[in-house]
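A.B. asks: here is my input; please provide its structure:
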Amino acid sequence: MSTIDSTPLAQAEQLLTLGQQALAGGHAEAANALLRAARDVPATRLRAHNLIEAHGLPEAFGAMMGLNCAISPADDIFHFFAGHPTSINPIRDYLADGWRTLSELMVLLEQVDQPLLRSPSVLEFASGHGRFTRHLVKVLGAERVTVSDVVGDAVSFAQQAFGVQGLASHAVPEDVEWPRSYALVFVLSLFSHLPRSSWTRWLVRLWDAVAPGGLLVFTTHGQEAVQRANVSLDASGFFFAASSESNAIDAQEYGTAFTSEAFVRGEVAAAFGEAVFTHFAPQWFWHHQDAWVLRKPAE
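C.D. replies: So this is what the prediction gives:
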């Protein structure tokens, strides 16, 4: 083995190179040790992680979780965790957060007597690079899952990594075409980012994707989030700031939005009627975002 350079970054890069060489030579145990060390350094963390996962080495998270734990280098949510001051193990935190979302969704759907496991088809909209998708696929199977996102690379990654159906979204709601309808349309943390100009338009467009008798589940920044962020809602119960954790979407189209309960109820009732309201759960996802469950009337 050659001498490791003295600087931390150079050391990590050399560990990564040596790990790849060990893999090429069929020395899995040596590769595991080298790549594990490279995974502990932020600059090489994700590259080392993906090599460990791809080769099924003993340090692979996939071996513990029973699912594909590859993470896209373009995943804004992973980078959010990696840069968060409370995250001491960003990979573990990122993967665990997806599992937490799955458990929160499952309990929510039990409360409306429509268990997730009985959903014949699910559209995960604004799906990103699969933080939640990988867990959804584990419990439902890829054949029941369709993902859609305005970031094309995110859809492609999910298709390749998890085997799901993929549907490209658009910045303009009316330009999205649904190839079919879905028993469950799950929209996590989109309406918490939309400006007023597209908020209701996306609500209407996503409702069109719900099958008769099916559910639309979406989340918002409600009263608790308003207090935490110390923002003031306007007379209609709305606030928008052109900033978010995403680097892939124009902040004017995807910033940070806050809404009152009355605002959401008013927009839903005006668009579809009050009868569609099925359940409202404040601070449901991440103990931060409110959850809304709407049911489309059966034909």
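A.B. asks: quick one: low-confidence residue ranges for the stretch 151-299 of the chain.
C.D. replies: For the stretch 151-299 of the chain, the stretches flagged by pLDDT under 70 are 244-251.
A.B. asks: give the buried residues for the lengthiest helix in the chain.
C.D. replies: Criterion DSSP state H: the longest helix present in the chain is helix 90-111. For helix 90-111, a neighbour-count test (16 or more other C-beta atoms under 10 Å) marks 90-91, 93-95, 97-102, 104-105, 108-109 as buried. In this view, the C-beta of every residue, glycine as well, is placed from N, C-alpha and C.
A.B. asks: just stretch 116-130 next, same as before
C.D. replies: For stretch 116-130, burial by neighbour count (16+ other C-beta under 10 Å) applies to 116, 119, 121, 122, 123, 124, 125, 126, 127, 128, 129, 130.
A.B. asks: chain center to it, what's the gap?
C.D. replies: 10 Å (C-alpha atoms, centre = their mean, to the nearest Å).
A.B. asks: can you check stretch 284-298 too?
C.D. replies: How far stretch 284-298 lies from its chain's middle: 16 Å, per C-alpha atoms, centre = their mean.
A.B. asks: pull out the buried positions in it.
C.D. replies: For stretch 284-298, by 16+ other C-beta under 10 Å, it's 284, 285, 289, 290, 291, 292, 293, 294, 295, 296.
A.B. asks: same check, this time on stretch 261-268
C.D. replies: Residues of stretch 261-268 classed as buried by neighbour count (16+ other C-beta under 10 Å): 263, 264, 265, 267, 268.
A.B. asks: for that stretch, which outside residues touch it?
C.D. replies: 199-200, 203, 220, 222-223, 233, 236-238, 274, 276-277, 280, 282, 290, 292, 294 (C-beta atoms under 8 Å, 6 or more residues apart in numbering).
A.B. asks: just the ones of those residues in strands?
C.D. replies: 220, 238, 277, 280, 282, 290, 292, 294 (DSSP state E).
A.B. asks: I'd like those residues as a markdown table, with distance to residue 208 appended.
C.D. replies: As requested, the ones in strands among the contacts of stretch 261-268 are exported to a markdown table (distance: C-beta to C-beta, whole Å):
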| residue | distance to residue 208 |
| --- | --- |
| 220 | 20 |
| 238 | 23 |
| 277 | 18 |
| 280 | 22 |
| 282 | 27 |
| 290 | 23 |
| 292 | 17 |
| 294 | 13 |
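A.B. asks: residue 43: which of these is nearest?
C.D. replies: Closest approach to residue 43 among the ones in strands among the contacts of stretch 261-268 (C-beta to C-beta): residue 220, at 36.4 Å.
A.B. asks: show the contacting residues for the closest residue to residue 106 other than its chain neighbours.
C.D. replies: Nearest in space to residue 106, with sequence neighbours left out and distances taken as C-beta to C-beta, 6 or more residues apart in numbering, is residue 116 at 5.0 Å. Contact analysis of residue 116 by C-beta under 8 Å, 6+ apart lists 105, 106, 109, 122, 139, 140, 184.
A.B. asks: again, only using 7 Å
C.D. replies: Applying C-beta atoms under 7 Å, 6 or more residues apart in numbering, we find residue 116 in contact with 105, 106, 109, 139.
A.B. asks: for residue 280, same thing?
C.D. replies: Contacts of residue 280 by C-beta under 7 Å, 6+ apart are residue 292.
A.B. asks: circling back to that earlier point, of the ones in strands among the contacts of stretch 261-268, which is the nearest to residue 47?
C.D. replies: Once C-beta to C-beta is applied, the member of the ones in strands among the contacts of stretch 261-268 that ends up nearest residue 47 is residue 220, at 36.2 Å.
A.B. asks: the longest helix of the chain to strand 289-295, inter-axis angle?
C.D. replies: 40 degrees (axes from the mean of the first three to the mean of the last three C-alpha atoms, to 10 degrees).
A.B. asks: which elements pack onto helix 90-111?
C.D. replies: Other elements packing on helix 90-111 under the criterion 3 or more C-beta pairs under 7 Å, 6 or more residues apart in numbering; DSSP states H and E are helix 61-65, helix 76-82, helix 133-140, strand 277-285.
A.B. asks: check the offset of the second one from the chain's centre.
C.D. replies: Centroid displacement of helix 76-82 relative to its chain, using C-alpha atoms, centre = their mean, is 11 Å.
A.B. asks: CA atoms of that helix as CSV?
C.D. replies: The C-alpha trace of helix 76-82 is given here as CSV (Å, rounded to 0.1, in the frame of the first residue of the first chain):
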residue,chain,number,x,y,z
ASP,A,76,-30.8,18.1,-2.2
ILE,A,77,-32.4,16.5,0.8
PHE,A,78,-29.3,14.4,1.5
HIS,A,79,-27.2,17.5,1.3
PHE,A,80,-29.6,19.3,3.7
PHE,A,81,-29.0,16.6,6.2
ALA,A,82,-25.2,16.7,5.5
